[in-house]
Structures are given as C-alpha cells and as structure tokens.
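Student: Predicted model and sequence follow; I will ask about them next.
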Amino acid sequence: MKRMKIAIAGAGGRMGRMLIEATLQDAEALLTAAIDQPDSAVLGKDAGELVGMPCGVLVDSDLDAGILGSTCLIDFTRPEGTLRHLEACRRHGVGMVIGTTGFAASGKAAIANAAQDIPIVFAPNMSVGVNVVFKLLDLASRIMSDGYDVEVVEAHHRHKIDAPSGTALRMGEVVAHALGRDLGQCAIYGREGVTGERPASTIGFSTIRGGDIVGDHQVMFCGVGERVEIGHKAGSRMPYALGSLRAARFLSDRSHGLFDMQDVLGLR
C-alpha cells in the first residue's frame, strides 16, 4: 500500500496538533514534515510528542526542506503564511489542502492561479458533516425560495481572528446562489439602533465569540408560523483533520486543479 506523505504547517497550533494526531493514526498516511514559525516554542521537538505519540519527525521552520519529501501540505494557518507556503509548494510540485480562511480576493486568485500547476483542495470547512449541510442548504433554499427570511448564526472560540467565519460565509454563498442573489449585495453583517423593517431579500449574519467553542453554525429559514433550522456543531477539531486527510487522499492521483470538499465527497 502506497502511503500519503503528509507535511503539516502550523504544527504547534491547536489545529496543527490535531492534524498530527490524525495523520499518525491513519494507516494510509505518513507524517513527513511538521512546519512552524521560526519563533515557535516547539521547534526541534518531536512532532508526535506534542500529541503523546512520538514519531521521530522534528518540528522545523524550513518549509522548502520539509516539503521536498512530501506529496501534500495541509495548511490551516493564516492567509499571509498560507500564500508563502503556496509559492513553495508550487516550486516543488507539492499538492496542498488549504483550510485557512479570511483570504482577500487577491489571495483567492493566487490560489486559483497556483492550481494550474499543482493540485489544491481549498475549502472553508473540511468537515464531512459541514459539507453535507452545504448540500442540504442548497436544497432547502430552492424549496423555500419565497416567504422565508434567511439568517446565519455562527459561534467560535475567543481566539478566532476573522468574522464571520469562512464556513458561515460559504453557507451564505450557497443560499444566495440557490436563490439567484449576489451575497455581496444582500448580506447584512450587523444590526444596531433603529434599523427599520427587514428587507426580504437580505441574508443576515450574526457572530458570537467566546470561550473554547470549536465551531457552531446554524442557518434559519424563518417563515410565517414556522422556522426551519439547518446546522452543525463541532465538539472537537478532529472532523476537520479527518476531512483534510480525505482531501489529501483525493489529490494523490491528480497533477493539478482547484477543488473543494464538495468535489472530494462527490456532492456536485
């Protein structure tokens, strides 16, 4: 059996550690590199020891050296770091699974451009469950296209730096597309004071930040006398890690192209 050779960026972070644990537990995967910033407190440590599973792979800051022996880099860091990693992967012909959120339009364009040379799965959420929710939202939006107000509510831990979350925005995009609307024109990201009546064509977003909430997302279709709620709650980051490995497996026989989790799961 040919094993996937996996490099992980942001190895010392919460998501990085979860990815290390999931990779070490996957019989079809081999951890080949664990990368972190030059000032990281975990540099030089056994990456496996960070999750109680020593493996002999040391955390390093040299991305180029790390990905040379890898077939895929999994990256859940920050936009500026991911874009630097993207260029290195492109130079060395290494695929990427990108779970980083908060990219500007220029960053998304850079990812699409790099996908001409390397295979990339780029998705706001790697959880299988969340991607099933995306599919359900598309169906619900087409059925409840008239007479229902749409609201997206998301909650995350206090350390998350972007809002609304990439997953919440993707949910809004799915609904807007199904309804034939432009999310950029119909999204409402905050309400305060005397706002007047709610315009029927808008999609509202509410953001909660606090404690150690891993990730809660809910979309409400509010009609007259009824409310339909479709949502997902994550109890840990493991679903994101497992979905990322599934995405890496999807890329293993591809030379280039830009994909998302809907492609990985065959939900198109």
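Tutor: Sure thing, it's come through. Residues are numbered from 1 along each chain as shown.
Student: Then Pro54 would be within a helix, right?
Tutor: No. Per DSSP: H, G, I helix; E, B strand; the rest coil, Pro54 lies outside any helix segment and is coil.
Student: So what's the residue count around it?
Tutor: Residue neighbour count, defined by other CB atoms under 10 Å, stands at 13 for Pro54. Placement of C-beta: from N, CA and C, glycine included.
Student: swap in Val94?
Tutor: The burial count for Val94: 22, using other CB under 10 Å.
Student: what about the closest residue to it other than its chain neighbours, how many residues close to it?
Tutor: In this structure, Val94 finds its nearest non-sequential neighbour in Ile67, 4.7 Å apart by CB to CB, 6 or more residues apart in numbering. Neighbour count of Ile67, defined by other CB under 10 Å: 26.
Student: Now the phi/psi pair for Ile67, please.
Tutor: The phi and psi torsions at Ile67 (degrees, to the nearest 10) take the values phi -80, psi -10.
Student: Pull the contacting residues for it.
Tutor: Ile67 sits next to Ala7, Ala33, Ile35, Leu73, Ala88, Cys89, His92, Val94 when contact means CB atoms under 8 Å, 6 or more residues apart in numbering.
Student: can you do 7 Å?
Tutor: Counting by CB atoms under 7 Å, 6 or more residues apart in numbering, Ile67 touches Ala7, Ala33, Leu73, Ala88, Cys89, His92, Val94.
Student: What subset of those is buried?
Tutor: With neighbours counted by 16 or more other CB atoms under 10 Å, the contacts of Ile67 contain buried members at Ala7, Ala33, Leu73, Ala88, Cys89, Val94.
Student: just curious, which of these is nearest to Ala109?
Tutor: Taking CB to CB as the measure, Cys89 is the one of those closest to Ala109, at 16.5 Å.
Student: SS state for that closest one?
Tutor: Cys89 ends up helix, using three-state DSSP.
Student: Tell me the pLDDT of Arg268.
Tutor: As predicted, Arg268 sits at a pLDDT of 79.
Student: Figure out the helix or strand that the closest residue to it other than its chain neighbours lives in.
Tutor: Take Arg268 and drop its neighbours on the chain: the residue closest to it by CB to CB, 6+ apart is Gln262, 5.6 Å away. Here Gln262, judged by DSSP states H and E, is contained in helix 261-264.
Student: Next: Gly129.
Tutor: Counting by DSSP H and E, Gly129 is found in helix 128-143.
Student: What are the buried residues along that helix?
Tutor: Under the neighbour-count criterion of 16+ other CB under 10 Å, helix 128-143 has Val128, Val130, Asn131, Val133, Phe134, Leu137, Ala140, Ser141 buried.
Student: Against which helices or strands is it packed?
Tutor: helix 166-179, strand 227-234, helix 238-251, helix 261-264 (3 or more CB pairs under 7 Å, 6 or more residues apart in numbering; DSSP states H and E).
Student: okay, these in JSON lines with distance to Met220 next?
Tutor: Listed next are the helices and strands packed on helix 128-143 as JSON lines, based on distance: least, CB to CB, whole Å:
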{"stretch": "helix 166-179", "distance to Met220": "11"}
{"stretch": "strand 227-234", "distance to Met220": "5"}
{"stretch": "helix 238-251", "distance to Met220": "23"}
{"stretch": "helix 261-264", "distance to Met220": "23"}
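Student: would you turn these into CSV with mean pLDDT and distance to Thr202?
Tutor: Shown next, in CSV, are those (pLDDT from 0 to 100; distance: least, CB to CB, whole Å):
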stretch, mean pLDDT, distance to Thr202
helix 166-179, 96, 10
strand 227-234, 97, 17
helix 238-251, 97, 30
helix 261-264, 95, 25
